[in-house]
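A.B. asks: Only the shape, not the letters, is given here:
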Ligand SMILES: Cc1ncc(COP(=O)(O)O)c(C=O)c1O
């Protein structure tokens, strides 16, 4: 039985109050005051001029690609090591995904490999800030500007991450977010598309609302979608963004604690490069030996601790197995693990998790000093 899950949303603010307001006022669908309030608060927090709420992070990516006019015949660069929604969205618009390998230190998209893969058909780079650390978005922007192609930032896992003092999401032509239940802030299911350009924002607003022109009811000027967020979801989102600083602080503290307690083990906690601010969406570790990954997960699960393996490299999935090999992404994927990372994780639970990891290594590896590790299976009281 799972006693310590990987994630649990932090719902200690005005969520219940605002949702009750929706129910009592009957504004439960995709009209209502919480939608604009959430969008405004979100754009203020991230520091972008325009934000459009949508009903999940996958449609946010789809909408971004449609709004930029990406179409069949175009190529889009995307990291091999990311969630499947990124590449699926490229395929939804009929474009060709081109996989880019990872950097070994940050695990993010490698700008040099990206540069090598640009062709006359490349129309966009879909950059992802994986597991909360910003990717090398400055270098990717240089590349996009140099070739006159679009830069899309997928910030689903990186709300709160910054390059210098600038929040991610402000570097590309479009940036997308997810508010799934395990994300830094959640609306149950939900997402956001942010842009710098007013005409692109207007296009996104029309596309997400069935292609309906702004001031003319039932005049559908383009083929659009129903990608609207509900007022109930936005009510939860508003309550969540009110607490974002607290949530991020708790996550950072968890990461620091894990880093300290997991010292001298044959693994490393995701590094934070100087000049970058990691949001620690998931506290992620990479083991020295891939053979340990699934055995360690099994051991932790037998103690009631849930973990997540890293994403498979996209070229390992059946529908994408014809795509480019990316050896660094393959290596990171085989050795990576996300640890329980929810803001309410107690220190006692965290110590228990780290003791169990130490115990695993003591019983499975000769590289540990016995004095440093629990000799008997730690129990959680
Ligand atoms: C990097 C990335 N992009 C996109 C998504 C898709 O978001 P959603 O699950 O809200 O559709 C996720 C979700 O986990 C993600 O991690």
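C.D. replies: That came through, no problem. From a predicted model like this one, the values you see are computed outputs, not experimental measurements.
A.B. asks: what's near enough to touch the closest residue to the ligand within the chain?
C.D. replies: Residue of the chain nearest the ligand, by CB to the nearest ligand atom: residue 57 (2.5 Å). From N, CA and C alone the C-beta is placed, and that goes for glycine too. Residue 57 makes contacts with 85, 154, 156, 176, 177, 178, 179, 180, 183, 190, 191, as judged by CB atoms under 8 Å, 6 or more residues apart in numbering.
A.B. asks: of all the residues you listed, which two lie farthest apart?
C.D. replies: 154 and 190 (15.0 Å; CB to CB).
A.B. asks: just to revisit the earlier point, give me the buried subset of the contacts of residue 57.
C.D. replies: For the contacts of residue 57, a burial check counting by 16 or more other CB atoms under 10 Å picks out 85, 154, 156, 176, 177, 178, 179, 180, 183, 190, 191.
A.B. asks: Whichever strand or helix holds the fourth one close to the ligand?
C.D. replies: Per DSSP states H and E: residue 176 is located in strand 174-178. Yes: against the ligand, strand 174-178 shows contacts by CB under 6 Å from any ligand atom at residue 178.
A.B. asks: Run through the neighbouring helices and strands of that strand.
C.D. replies: Here strand 174-178 touches helix 57-67, strand 150-154, strand 191-195, going by 3 or more CB pairs under 8 Å, 6 or more residues apart in numbering; DSSP states H and E.
A.B. asks: Can you list the strands that that strand pairs with?
C.D. replies: In the sheet, strand 174-178 lines up against strand 150-154 (parallel), strand 191-195 (antiparallel) (DSSP bridges).
A.B. asks: What residues sit buried inside stretch 44-55?
C.D. replies: Neighbour-count burial for stretch 44-55 [16+ other CB under 10 Å]: 45, 46, 48, 50, 51, 52, 53, 54, 55.
A.B. asks: how long is that stretch from one end to the other?
C.D. replies: Using CA to CA, to the nearest Å, the end-to-end distance of stretch 44-55 comes out at 20 Å.
A.B. asks: Also stretch 179-193?
C.D. replies: 12 Å.
A.B. asks: ok, now stretch 91-110?
C.D. replies: End-to-end distance (CA to CA), stretch 91-110: 22 Å.
A.B. asks: Indicate whether that stretch makes contact with the ligand.
C.D. replies: No: using CB under 6 Å from any ligand atom, stretch 91-110 stays clear of the ligand, with a minimum separation of 11.5 Å.
A.B. asks: So which residues on the stretch 151-300 of the chain come close to the ligand?
C.D. replies: 154, 156, 157, 178, 180, 191.
A.B. asks: Go ahead and confirm the third one touches residue 179.
C.D. replies: Same thing as residue 157. No: if you go by CB atoms under 8 Å, residue 157 and residue 179 don't touch, sitting 11.7 Å apart.
A.B. asks: which ones are touching residue 258?
C.D. replies: 269, 283, 285, 339, 350, 354.
A.B. asks: Just the ones of those in helices?
C.D. replies: Under the assignment DSSP state H, the contacts of residue 258 contribute 350, 354 to helices.
A.B. asks: Give the other helices and strands that the strand or helix carrying residue 204 contacts.
C.D. replies: Assessed by DSSP H and E, residue 204 sits inside helix 198-208. Judged by 3+ CB pairs under 8 Å, 6+ apart, the packing partners of helix 198-208 are strand 50-54, helix 57-67, strand 191-195.
A.B. asks: pLDDT averaged over it, what's the number?
C.D. replies: Average pLDDT, helix 198-208: 98.
A.B. asks: circling back to that earlier point, now the contacts of residue 57 in JSON lines, with distance to residue 13?
C.D. replies: Putting those into JSON lines (distance: CB to CB, whole Å) gives the following:
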{"residue": "85", "distance to residue 13": "28"}
{"residue": "154", "distance to residue 13": "26"}
{"residue": "156", "distance to residue 13": "22"}
{"residue": "176", "distance to residue 13": "24"}
{"residue": "177", "distance to residue 13": "19"}
{"residue": "178", "distance to residue 13": "20"}
{"residue": "179", "distance to residue 13": "15"}
{"residue": "180", "distance to residue 13": "18"}
{"residue": "183", "distance to residue 13": "16"}
{"residue": "190", "distance to residue 13": "16"}
{"residue": "191", "distance to residue 13": "20"}
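A.B. asks: Same list as before, these that is, but in TSV and with pLDDT included.
C.D. replies: Listed next are the contacts of residue 57 as TSV, based on pLDDT from 0 to 100:
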residue	pLDDT
85	98
154	98
156	98
176	98
177	98
178	98
179	98
180	98
183	98
190	98
191	98
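A.B. asks: Tell me the one of those residues nearest residue 261?
C.D. replies: residue 183 (25.3 Å).
A.B. asks: Verify the stated contact: that closest one with residue 282.
C.D. replies: No: the pair residue 183 and residue 282 does not pass the contact test of CB under 8 Å, sitting 10.0 Å apart.
A.B. asks: wait, doesn't residue 356 sit right on residue 302?
C.D. replies: No: Residue 356 is beyond contact range of residue 302, at 9.2 Å (criterion: CB under 8 Å).
A.B. asks: of those two, who's got more company?
C.D. replies: residue 356 (22 against 10; other CB atoms under 10 Å).
A.B. asks: In three-state terms, label the more buried one for me.
C.D. replies: helix (DSSP: H, G, I helix; E, B strand; the rest coil).
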